[in-house]
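Trainee: no FASTA, just this:
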């Protein structure tokens, strides 16, 4: 039997077929449009996302040469904080999806933070007040689409992050679609209580979001319903995990102290804290790692970095430095070092551990000597510097130093980046044999729910190391580079004025 993982990401949607050994059999993938109506605004067409989802399911099944009868279950993983609001009766979105990177709601965030600061709700949610999370996006849609507030109050509108949108459509949409999410995605909305695992009335009132819009919160690994209207008709949807939690699950980081770092559009470091909720004092967020049906939830600390892989896309698409994202490594290797150039990609402000929405991106240290090779190298190094910052914050919060860092995501194919990451961290960096750990985690969780795999020990035994990079830089050189990075970050702050 097989498991199909639907991976609804920031730039594309994929369906990946896994076999009973956790190996990839086939993939279907389609990119969707990135919409930038104004500076700081980022949107997706939710209808396009759903049509792409249905298409990639067909593509993956055809490529694998299987049908729904060969599939034991479906797992869904997704870009998390992105907000979609749609009509319950028709299934039509009332506005483009507002993407997690979007900063248009900063004024609302500032208003709420004026009474209690950005950690006003952190004791309940584990999250700082930030445009990153879903709540202020929902409020913006209700306030800016004609008639939306009245329709929401009348129970006519539904909200969901992309997992909920895919699940609802996959189970029939207006014809009995299941309106639900899992604890990991709900924990990223700024509306869920980490302890009760339910929507919190105080938070709903603060953001003026009707409870009737919100999906039911359920465990990450259980049967939600059956697919209806696609090539997977009758197949149980058996797992939902936000993309970073799914990658953690796919890395078999099931227990306290185990971790992973995903290199995608942004970077996301997650460290499992077990059944304990650890409140960060160093700029991390507290989140739900996963919950299996019938078990207590597992929690985690997360360092969320907004711009890493998207920085490489920016060099390609906006500056035209190369034709393919993979070419950045060749360009970076055309020079011996960064030539004194540092890039701080604060395109959406700075996320963890700084949480400075007033920051903006900068290229610093430019001289006539600098060329596009130095800029390419500085872009890769920026990814590693930001990861070092959040890893330092994890150590400060947990008083535990990691022995190694397990990595995944598209950028881990870049050997130059991975070696520099090991150098700047001072610990080994380990890439698994299957780097598609986001989809793999969703598949693992679905397979557990339908009995394809017996338990987490069986999954752990399937994890396999591929490549290991060890540090090759002295402590003195490492800290000198970090000091220069810190100086570069300081230059990006206070750029956006209150007006």
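Mentor: Great, that's in hand. The structure displayed is predicted, hence computed values, not measured ones. Residues are numbered from 1 along each chain as shown.

Trainee: any idea which helix or strand carries the residue located most distally from the centre of the chain?
Mentor: The centre of the chain is farthest from one residue, residue 368, which by Cα atoms, centre = their mean lies 37.9 Å away. Using DSSP states H and E, residue 368 sits within no helix or strand.

Trainee: Repeat that for residue 269.
Mentor: With DSSP H and E as criterion, residue 269 is part of strand 267-274.

Trainee: Apart from its chain neighbours, what residue comes closest to residue 360?
Mentor: residue 495 (4.2 Å; Cβ to Cβ, 6 or more residues apart in numbering). C-betas here are computed from N, CA, C, even on glycine.

Trainee: I'd like to know how far the residue farthest from the centre of the chain sits from residue 289.
Mentor: In this structure, residue 368 and residue 289 are 49 Å apart, going by Cβ to Cβ, to the nearest Å.

Trainee: one step back: look up how far residue 340 lies from the residue farthest from the centre of the chain.
Mentor: Counting by Cβ to Cβ, the gap from residue 368 to residue 340 is 12 Å.

Trainee: Need the pLDDT of the residue farthest from the centre of the chain.
Mentor: pLDDT recorded at residue 368 is 95.

Trainee: Repeat that for residue 359.
Mentor: Listed pLDDT for residue 359 reads 93.

Trainee: and what of residue 163?
Mentor: Looking at residue 163, the pLDDT reads 97.

Trainee: Helix, strand, or coil at it?
Mentor: Look at residue 163: counting by DSSP: H, G, I helix; E, B strand; the rest coil, its state is helix.

Trainee: so it sits right up against residue 182, yeah?
Mentor: Yes: the criterion here is Cβ atoms under 8 Å, and residue 163 meets it with residue 182 at 7.0 Å.

Trainee: Need the overlap of contacts for the two.
Mentor: Overlap between the contact sets of residue 163 and residue 182, as judged by Cβ atoms under 8 Å, 6 or more residues apart in numbering, is given by 240, 242.

Trainee: Over to residue 319: give its phi and psi.
Mentor: phi -100, psi -20 (degrees, to the nearest 10).

Trainee: from now on call the first residue 881
Mentor: Sure, I'll start counting at 881 from here, so that last one is residue 1199.

Trainee: quick one: low-confidence parts of this protein?
Mentor: Within the chain, the stretches with pLDDT under 70 are 1378-1379.

Trainee: between the longest helix along it and strand 1147-1154, how big is the angle?
Mentor: Under DSSP state H, the helix in the chain containing the largest number of residues is helix 1252-1278. If you take axes from the mean of the first three to the mean of the last three Cα atoms, to 10 degrees, helix 1252-1278 sits at 20 degrees to strand 1147-1154.

Trainee: Which strands or helices does helix 1252-1278 pack on?
Mentor: For helix 1252-1278, the elements it packs on are strand 1139-1143, strand 1147-1154, strand 1178-1185, helix 1189-1197, helix 1207-1212, strand 1222-1224, helix 1295-1305, helix 1355-1371, judged by 3 or more Cβ pairs under 8 Å, 6 or more residues apart in numbering; DSSP states H and E.

Trainee: Partner strands of the very next helix or strand once past it, with direction?
Mentor: Following helix 1252-1278 in sequence order, the next helix or strand is strand 1285-1288 (DSSP H and E). Within its sheet, strand 1285-1288 is paired with strand 1139-1143 (parallel), strand 1309-1312 (parallel), according to DSSP bridges.

Trainee: chain center to strand 1285-1288, what's the gap?
Mentor: 15 Å (Cα atoms, centre = their mean, to the nearest Å).

Trainee: what does stretch 1332-1339 rub up against?
Mentor: 881, 883, 900, 902, 952-953, 1132, 1134, 1324, 1326-1328.

Trainee: Make a ChimeraX selection of whichever of those residues turn out to be buried.
Mentor: The buried subset of those, as determined by 16 or more other Cβ atoms under 10 Å, is captured in ChimeraX by this line:
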select :883,902,952,953,1132,1134,1324,1326,1327,1328
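
Trainee: In the contacts of stretch 1332-1339, find the pair that's most separated.
Mentor: Pairwise distances across the contacts of stretch 1332-1339 peak at 22.7 Å for 881 and 1134 (criterion: Cβ to Cβ).

Trainee: mind listing the strands for the stretch 881-1030 of the chain?
Mentor: For the stretch 881-1030 of the chain, the strands defined by DSSP state E, counting those that start in this stretch cover 882-888, 892-898, 904-911, 923-924, 951-958, 964-967, 977-978.

Trainee: Would you work out how far apart the start and end of stretch 991-1006 are?
Mentor: For stretch 991-1006, the first-to-last residue distance is 19 Å (Cα to Cα, to the nearest Å).

Trainee: in that stretch, what's buried?
Mentor: Along stretch 991-1006, these residues count as buried under the neighbour rule (16+ other Cβ under 10 Å): 992-993, 998-1002, 1004-1006.

Trainee: Same check on stretch 1305-1313?
Mentor: Within stretch 1305-1313, judged by 16+ other Cβ under 10 Å, the buried ones are 1305-1307, 1309-1312.

Trainee: could those residues go into CSV alongside distance to residue 977?
Mentor: Formatted as CSV, the buried residues of stretch 1305-1313 follow (distance: Cβ to Cβ, whole Å):
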residue, distance to residue 977
1305, 35
1306, 40
1307, 37
1309, 33
1310, 34
1311, 31
1312, 31
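
Trainee: Which of those residues sits closest to residue 942?
Mentor: residue 1312 (27.6 Å).

Trainee: May I ask you to confirm that that closest one is in contact with residue 1340?
Mentor: No: the criterion here is Cβ under 8 Å, and residue 1312 misses it with residue 1340 at 11.9 Å.

Trainee: Neighbours of residue 1211, how many?
Mentor: A count of nearby residues for residue 1211, using other Cβ atoms under 10 Å, gives 20.

Trainee: now swap in residue 1102 and tell me
Mentor: Residue 1102 - counted by other Cβ under 10 Å - has 21 other residues nearby.

Trainee: Are we agreed that it is in a helix?
Mentor: No: using three-state DSSP, the assignment for residue 1102 is strand, not a helix.

Trainee: Pull up the gap between the closest residue to it other than its chain neighbours and residue 1064, please.
Mentor: Residue nearest to residue 1102 in three dimensions, not counting chain neighbours: residue 1173, with 3.9 Å by Cβ to Cβ, 6+ apart. Distance of residue 1173 to residue 1064, given as Cβ to Cβ: 14 Å.

Trainee: follow-up on the earlier one: how about the helices and strands packed on helix 1252-1278 in JSON lines, adding distance to residue 1118?
Mentor: Listed next are those as JSON lines, based on distance: least, Cβ to Cβ, whole Å:
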{"stretch": "strand 1139-1143", "distance to residue 1118": "22"}
{"stretch": "strand 1147-1154", "distance to residue 1118": "22"}
{"stretch": "strand 1178-1185", "distance to residue 1118": "18"}
{"stretch": "helix 1189-1197", "distance to residue 1118": "29"}
{"stretch": "helix 1207-1212", "distance to residue 1118": "38"}
{"stretch": "strand 1222-1224", "distance to residue 1118": "42"}
{"stretch": "helix 1295-1305", "distance to residue 1118": "33"}
{"stretch": "helix 1355-1371", "distance to residue 1118": "43"}
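
Trainee: Sweet, I'm off.
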